[in-house]
Every structure is written in structure tokens, then in C-alpha cells.
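> from the sequence below, what's the structure:
(one chain, ligands or ions: 1)
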Amino acid sequence: MRVLIVGAGGQLGSDLVRAFADLGPIGLDHKALDIEVPSSVSRTLARYRPTVVINTAAFHNVEVCETRPDRAFAVNALAADDLAAQCALAGAQLVHISTDYVFDGQSPVAYGEGSPTNPLSAYGTSKLAGELLIKRHLDDYFIIRTSGLYGIRGSSVKGYTFIERILTQASEGRPLDVVNDITFSPSYTRHVADAIRRIVERRVFGTYHVTNTGRSSCKRASPPSCARPLPSGFRRWRGDRNSRLCGTARWTPSGSQPCRHGAKAFVTIYVSAKLRLPG
Ligand SMILES: NC(=O)c1ccc[n+]([C@@H]2O[C@H](COP(=O)([O-])OP(=O)(O)OC[C@H]3O[C@@H](n4cnc5c(N)ncnc54)[C@H](OP(=O)(O)O)[C@@H]3O)[C@@H](O)[C@H]2O)c1
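Residues are numbered from 1 along each chain as shown. From the prediction side, this is the model:
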């Protein structure tokens, strides 16, 4: 398997490079490959001849997507469409990362891969468009929907992770400022990357939900004085309270880990790095 990872400078991309390290993956950051430039994509595929391309690149600042839907669709839909077309021509499988924002958040139970989609935001709509466009070129695709990612690299959109923000607020003695009325499955990028490797190796193509298992909400963790409800604009884009994804029989999550294990593993590495201990 020759693996090429697009968006390798990002939080999930960098952990995918790690998860496939023994195979010598080609990890390309945004500077090395811009998927909005078709000629650059074709040159890259011709040069490296990957058998598996993993696309983590996205325009995923949910608020900015509302004001710049053109950018959201350019990267999340049109560039994904071109990448899939070029993978089909090159005979490469495509692993494309998608999101829980393709759902409306109204469901009382977690969403399975077959649940009806109904995105409410420009971001979610552009990601769903990307999923649909990919399918018209390839049978050999994996669409991996995940949720609430955090990783050691940190999000390029926010510049920090959620857990990092909580640790900083706590260490500075500041009151916690958290949204307390959504339930989701925050997922550690190392665990998600490891699960993606296992899915790719099984070669059963299709759509998968990959998150840390279980659910999480700040409701219990935060005293009411420190927490705030989801801002109304955000609620409009995300839907109501439940953006939880669950796997179905398609993906038996053997070895997939609960949310709290993800958080614990992250904090251990994060604190080690801060103390300059070996990770
Ligand atoms: N973050 C979440 O909570 C979350 C939740 C569910 C799903 N997802 C999905 O998971 C994937 C990875 O998310 P992440 O949190 O790892 O994001 P990330 O840290 O922002 O990584 C994405 C990477 O893609 C690069 N990129 C952006 N536009 C590109 C382009 N046109 N061509 C090539 N590279 C480009 C970015 O580079 P620059 O920063 O230099 O532009 C960045 O390094 C995305 O598809 C996202 O939609 C994320």
C-alpha cells in the first residue's frame, strides 16, 4: 500500500502520517499540495503513484463558511470532486474525511451511517456535497465521518484544542467558559487515525462513522455559573443538542476507545510535552 496524505500539516493529517509510519507514507501539507489546483493534483499523483489517497483538507471554520460559502464549496465539494476524479483515473482508492455536520442534530439517538442527512449549515452542506460528488467517480472510496476532533497539533482554524483551552483557563484560575447544552463525541485524532488505518486495511468500501465511543457534554462537568448555552447562531447551523455519531454493524469498533480514554491519552501527551518529557 502506497499512502498519500493530503493536509498532512493538520491535526488529523499529522496523526495519520504517524498511524501509517511503518509504510513510509507521503504526507503533503497545504504548501506542498493545494487540492484546489487540478494540475498540482495530477502532477502529485503521477509523481508518487499512491494506491491510497487520504484527504483531510477542508475549509472548516463553521462561522466563516456561512459568510464564504463559495470558499466552503470550492474546497469541500469541488476540490474533493476533482481529487476523486483524478484518483479514479490513477487507480487509487480515496479516503475522504467528512463530518457530523451533515446531520441536523435533532435526533434523540446517535446517528448511524444510514441515517438521513440534513445539513443546516453552509459547512455541513458543502461537506455533504463533497461526499456525493466523490461517489460519482469511485466505488473504491471510504468516507469517514468524525466529530469534535482534537489532537496534539491543534486545529489550524482555532489555533488551540478544546481540552487545551480548558486546561489553560483552569491553570490561570479563570472560570470555565464552556457551552453546556450539546452532546457529542469529542474524538482524539490519534485514535481516529488508528481506526482509519484498520478500516482501510479491511478494504470494505463505503461510509463509516469513526469517533471515540460514548458521548460527552459539559453539563455535568461545569457548574451552571461557568457554563453557557450554545449561541443561537451556532444552534441554527448545528441543529439541536445531539451531534453524536455511532458506528453500525459496518464498523465493529473493536479496539475503538471511549471518549474519556481519548481525553486522558491526549492530556498525558500534552502535559509531557509541556514538561518536555519524552512523549
Ligand atoms: N476539527 C474538527 O472538529 C472536525 C470534526 C469533524 C470532521 N472534521 C473534518 O476532518 C478533517 C480534518 O480536520 P482537522 O481538524 O485535522 O483540520 P486541520 O487541522 O485544519 O487540517 C486540515 C489541513 O488541510 C489543509 N488544507 C486546507 N485547504 C487545503 C487545500 N485546498 N489543499 C490542501 N490542503 C489544504 C490545511 O492547511 P492550512 O491550515 O495551511 O490551510 C490543514 O493543514 C476535515 O475534513 C474536517 O472537515 C473536523
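> how close does Asp100 sit to Tyr150?
Per CB to CB, to the nearest Å, Asp100 is found 14 Å from Tyr150. Backbone N, C-alpha and C define where each C-beta goes, glycine included.
> what of Ala77?
For Ala77, the distance to Tyr150 (CB to CB) stands at 25 Å.
> could you do Glu113 as well?
Taking CB to CB, one finds Glu113 at 23 Å from Tyr150.
> and if you look at Thr213?
The span separating Thr213 from Tyr150 equals 16 Å under the rule CB to CB.
> out of those two, which sits in the busier spot?
Residue environment comparison for Thr213 versus Tyr150 gives the larger neighbour count to Tyr150, 24 against 19, counting by other CB atoms under 10 Å.
> assign Leu120 to helix, strand or coil.
For Leu120, the assignment made with DSSP: H, G, I helix; E, B strand; the rest coil gives coil.
> same question, Ser98
strand.
> mind listing what it touches?
Each residue near Ser98 by CB atoms under 8 Å, 6 or more residues apart in numbering is listed here: Lys127, Leu128, Gly130, Glu131, Ile143, Ile144, Arg145, Thr146.
> in space, what's closest to it - neighbours in sequence excluded?
The spatial neighbour of Ser98 that comes closest, neighbours along the chain excluded (CB to CB, 6 or more residues apart in numbering), is Arg145 at 4.6 Å.
> that neighbour: neighbour count?
Using other CB under 10 Å: Arg145 sits among 23 other residues.
> need the three-state assignment for it.
Three-state secondary structure (criterion: three-state DSSP) places Arg145 in strand.
> which of the contacts of Ser98 are close to the ligand?
Thr146 (CB under 6 Å from any ligand atom).
> highest neighbour count among the contacts of Ser98?
Neighbour tally across the contacts of Ser98 (other CB under 10 Å): the maximum, 31 neighbours, falls on Lys127.
> residue contacts, it?
Remark: with contacts taken as CB under 8 Å, 6+ apart, Lys127 is in contact with Ala58, Asn76, Ala77, Ser98, Thr99, Tyr101, Val102, Pro119.
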